[in-house]
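[1] Sharing a model that was predicted from the sequence below.
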Amino acid sequence: MKDMGELAGADEKKIRSALLKKALGYNFKEVTEEYTGGEDGDIKLSKKRVVTKNVPPDMAAIKYLIEGEDSAPLSEMTDEQLHAEKERLVKLLTGAEKEKPKKGD
């Protein structure tokens with residue numbers, strides 16, 4: 001298995017995107033279809049239910065983003081470093097919010 005330093009740019013981007021998605025939470029649609037057999041042997045869709053489910057933000061993903069791979073532990077940071085880290089995370093999360101697909105996409 002590759003470590004984070006060995007990942008190609010595209011792989012790293014996919015992983016970061018998945019981590020952000022998990023940290024922010026997301027919605028997905030679950031489709032349940034029920035089929036019945038007709039008298040002539042045809043299989044027909046009798047019921048279809050689409051439910052939108054919500055996956056809440058994941059605290060472990062948030063913690064990973066806050067701590068980062070190479071950043072110092074929060075307890076060792078100065079107030080200025082903490083403020084800079086907060087600003088970095090706000091920019092990162094608001095950028096991810098803008099990239100979220102709209103409903104219907």
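    That came through, no problem.

[2] Tell me which stretches of the protein form helices.
    Remark: helices assigned in the chain by DSSP state H are 9-24, 59-67, 79-99.

[3] buried set for the shortest one?
    Neighbour-count burial for helix 59-67, with 16 or more other CB atoms under 10 Å as criterion, is recorded at 61-62, 65. C-beta coordinates here come from the backbone N, C-alpha and C atoms, glycine included.

[4] Show me how far stretch 10-28 is from its chain's centre.
    4 Å (CA atoms, centre = their mean, to the nearest Å).

[5] Look up how far I15 lies from the residue nearest the centre of the chain.
    In the chain, the residue lying closest to the centroid (CA atoms, centre = their mean) is K21, at 1.7 Å. K21 sits 11 Å away from I15, going by CB to CB, to the nearest Å.

[6] re earlier: can you list the helices of the chain in JSON lines and add distance to I43 and mean pLDDT?
    What follows is the helices of the chain, written out as JSON lines (distance: least, CB to CB, whole Å; pLDDT from 0 to 100):
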{"stretch": "helix 9-24", "distance to I43": "36", "mean pLDDT": "84"}
{"stretch": "helix 59-67", "distance to I43": "41", "mean pLDDT": "84"}
{"stretch": "helix 79-99", "distance to I43": "40", "mean pLDDT": "78"}
